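Student: got a predicted model here, sequence first, then my questions.
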Amino acid sequence: DAKTTQPPSMDCAEGRAANLPCNHSTISGNEYVYWYRQIHSQGPQYIIHGLKNNETNEMASLIITEDRKSSTLILPHATLRDTAVYYCIVRVYNFNKFYFGSGTKLNVKP
Amino acid sequence: DTAVSQTPKYLVTQMGNDKSIKCEQNLGHDTMYWYKQDSKKFLKIMFSYNNKELIINETVPNRFSPKSPDKAHLNLHINSLELGDSAVYFCASSQVSTLKPGELFFGEGSRLTVL
């Protein structure tokens, strides 16, 4: 699986959009980009995934660059409850391994 | 209903003891996992079972023995516990399909403290 690089931490004001970047410059053509988050010490929670098109669901939007070497997770209106560690993962979709990096600690501030 | 449930949530024990953590998923998934999250918060895959067969073993000491009696259950038994085994252990499940990508569903974790 391709490695990912994320900033260790970011701050965001409550109510503003949080844009979390991820670099995956060695991604292969059949690897998907997944985003998870871990709130405090709870189990990680799935957010969204995509291959090459931008994706949106009720939680977030995922923007993948045309060359697929990087992506951005967007939380459109961050709340205090979005404070968490956000993990970007790339994997082949029908392969079992999910490797988690060190993630980005998002601090949403009032 | 909890999709992926683990027991116990907390476990405090002495070095050298043997302990087990149980995991059950009611999602009908064919693949289950154990992850370990240490004090530095790195989340590392340990094992994966697909339809009761071991498919991933990430160089985990053989003191750790996973067992999958059926595809809805994956238990983790640890022999001769060491201080370094103290961590939060997460169980997860997914459906590995050629038709669409499957995401991981995690349990709430089992915090093991070895004294």
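Tutor: Sure thing, it's come through. Quantities reported herein were computed from a predicted structural model and do not represent experimental measurements.

Student: report the next helix or strand after the least confident helix or strand in chain A by mean pLDDT in sequence order.
Tutor: Within chain A, confidence by mean pLDDT, DSSP states H and E is lowest for strand A:84-92 among all helices and strands, at a mean of 90. Using DSSP states H and E, the helix or strand that directly follows strand A:84-92 along the chain is strand A:104-109.

Student: which strands border that next one, and is each parallel or antiparallel?
Tutor: Strand pairing for strand A:104-109, using DSSP bridges, gives strand A:9-13 (parallel), strand A:84-92 (antiparallel).

Student: deepest-packed of the ones you listed, please.
Tutor: strand A:84-92 (a mean of 22; mean count of other Cβ atoms under 10 Å in any protein chain shown). The way it works is simple: take the backbone N, C-alpha and C, and place the C-beta from them, glycine included.

Student: which bits of chain B sit near chain A?
Tutor: Proximity of chain B to chain A, by Cβ under 8 Å from any Cβ of the partner chain, involves residues B:4, B:31, B:33, B:35, B:41-45, B:48, B:50, B:55-56, B:88, B:90, B:92, B:94, B:96-98, B:100-109, B:111.

Student: what bits of chain B have low per-residue confidence?
Tutor: Counting by pLDDT under 70, the ranges of chain B that qualify are B:1, B:97-101.

Student: and for chain A?
Tutor: A:1-2, A:93-96.

Student: relative to residue B:24, which of the strands paired with strand A:104-109 is closest?
Tutor: strand A:84-92 (24.5 Å; Cβ to Cβ).

Student: give me the nearest residue to the residue in chain B positioned nearest to chain A, chain neighbours excluded.
Tutor: Chain A sits closest to residue B:106 of chain B, with a gap of 3.2 Å, by Cβ to the nearest Cβ. In this structure, residue B:106 finds its nearest non-sequential neighbour in residue A:43, 3.2 Å apart by Cβ to Cβ, 6 or more residues apart in numbering or on different chains.

Student: for the one you found, what are its contacts?
Tutor: Residues in contact with residue A:43 (Cβ atoms under 8 Å, 6 or more residues apart in numbering or on different chains) are B:4, B:90, B:92, B:106-109.

Student: just to revisit the earlier point, Throw the strands paired with strand A:104-109 into JSON lines and include distance to residue A:66, thanks.
Tutor: Shown next, in JSON lines, are those (distance: least, Cβ to Cβ, whole Å):
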{"stretch": "strand A:9-13", "distance to residue A:66": "24"}
{"stretch": "strand A:84-92", "distance to residue A:66": "16"}
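
Student: what's the closest of those strands to residue A:55?
Tutor: Across the strands paired with strand A:104-109, closest to residue A:55 is strand A:84-92 (Cβ to Cβ), at 13.6 Å.

Student: give me the contact list for the closest one.
Tutor: Residues from elsewhere that reach strand A:84-92 (Cβ under 8 Å, 6+ apart): A:1-2, A:4, A:6, A:20, A:22, A:24, A:27-28, A:30-40, A:44, A:47, A:71, A:73, A:97-101, A:103-106, B:41, B:43.
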